[in-house]
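Student: Predicted coordinates and the sequence they were generated for:
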Amino acid sequence: MCTSPHLWPLEVPHGLERILRKPKAGCGLRNWTAWVLAFCLGCTPSPPLTQLVIVVHPNPSAESVSLEIVTPRGEVHRTMVRWRVGDVIPSAGIRWISGPLEPVRITAIGNGPTGASTARVRTGFVMHESRLVVLHLSESCISKECGREESCKEGWCVPAYVPPHLLPPWRKEVQHGDAGIEDARWTIQCPNGWADCDHNYGNACETNITSSILHCGGCNRACPEYPNASARCANGRCEYSCNPGFADCNNNISDGCEADIRTNPSHCGGCMRTCHAQQNATPICVAGMCTISCLPGFADCNNNHSDGCEINLNNDPNNCGECGLACLTRANASPLCSGGRCTITCSSGYYNCDNQDDNGCECGGGG
């Protein structure tokens, strides 16, 4: 028995009329007990059952968009809407009630002054699920002839068939972004923490924006790179950890982890760990440990950094030229360090007549 179909409830923007006329009672449209079609500018259907939501991206030169849907039972539904760049992108919906699930053949045509651009999809329903079908009309497809089982994509004929289970889920609502066609975007409403960042309806909400450093907290919000620092996205916020041997000692991540705590005497082994100056020495940081570098002519012969470089190697006879090098005592002479070299000074009344320090002061003594 034939009955009148029930149309989807439509939320029609102010000033726009419903495109689909209400059918007459009885069997004015054969087998509409099984199929219901709505087509408008900016539709919001009732909660999804077994249904397809269809979105058409017109080519910029299109002045009108025609849509034809052929149901698995062969019923044909057609409608057309005037369109221009800046208008809300056309969408439609068709709901399954009974009968076979596929094929559903969908053809969209963008008609303009330079010709028509056509896109086709052959697919089907997925029981108890709402799936999204997106058709892109391209300028490069104007007047392009493809086979009945093909669709034109960027000037190329490609297979029109899309397995129903590969259609992205239609989660709740389709939202229009920019009005201009060149930047127009349709996005699926994603669960919290996920987003459709590649605008590929085939993989739906593919990006975890709570952990992706390229899409941290939202699409295309990449965590910046800073010197000597590694980024991570935690709960949608960019966080940074310093690479080994570096630290962010000025608490300004914009210059990264600026301090090399392996060699910086002001931040040796950690921020604000200063290596202090000692006598006759310059403080240095080696492998994150404070040490000293002696000034020329001085040495830390007791290995105690707290008193710096305590020995003058130029005049200390016990450390002459280097630590532990003592000048030897010679006959009738006292050892002496001069300019870092050992020499002698003769005792009173003695002389170094042969100028050889090894035999001391061999002349004199009253003999």
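Tutor: Looks like it arrived, so ask away. Bear in mind the structure is a predicted one, so any value in this text is a computation, not a measurement. Residues are numbered from 1 along each chain as shown.

Student: which stretches of the stretch 251-367 of the chain aren't confidently modelled?
Tutor: For the stretch 251-367 of the chain, the stretches flagged by pLDDT under 70 are 366-367.

Student: Can you show me the strands along it?
Tutor: Along the stretch 251-367 of the chain, counting by DSSP state E, counting those that start in this stretch, strands occupy 259-260, 281-286, 289-294, 298-299, 311-312, 333-338, 341-346, 350-351, 363-364.

Student: right, and those strands - which one's nearest His77?
Tutor: With Cβ to Cβ as the measure, strand 259-260 is the member of those nearest His77 (69.4 Å). C-beta here means a position set from N, CA and C on the backbone, and glycine is covered the same way.

Student: Mind listing the strands that closest one pairs with, and their directions?
Tutor: Taking DSSP bridges as the criterion, strand 259-260 forms sheet pairs with strand 246-247 (antiparallel).

Student: what's the offset of the strand it pairs with from the middle of its chain?
Tutor: Relative to the centre of its chain, strand 246-247 is centred 23 Å away, using Cα atoms, centre = their mean, to the nearest Å.

Student: With stretch 291-307 instead?
Tutor: Using Cα atoms, centre = their mean, the offset of stretch 291-307 from its chain centre is 50 Å.

Student: what about that stretch, start to end distance?
Tutor: 12 Å (Cα to Cα, to the nearest Å).

Student: Can I get the strands of the stretch 251-367 of the chain in a markdown table including mean neighbour count and distance to Cys219?
Tutor: Converted to a markdown table, the strands of the stretch 251-367 of the chain look like this (neighbours: other Cβ atoms under 10 Å; distance: least, Cβ to Cβ, whole Å):
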| stretch | mean neighbour count | distance to Cys219 |
| --- | --- | --- |
| strand 259-260 | 18 | 34 |
| strand 281-286 | 17 | 44 |
| strand 289-294 | 16 | 47 |
| strand 298-299 | 19 | 63 |
| strand 311-312 | 18 | 67 |
| strand 333-338 | 17 | 76 |
| strand 341-346 | 16 | 75 |
| strand 350-351 | 15 | 95 |
| strand 363-364 | 14 | 98 |
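
Student: dump the residue contacts of the most centrally placed residue in the chain.
Tutor: Centroid-nearest residue in the chain: Leu214, 1.3 Å away (criterion: Cα atoms, centre = their mean). Contacts for Leu214 (Cβ atoms under 8 Å, 6 or more residues apart in numbering) come out as Asn220, Ala222, Cys223.
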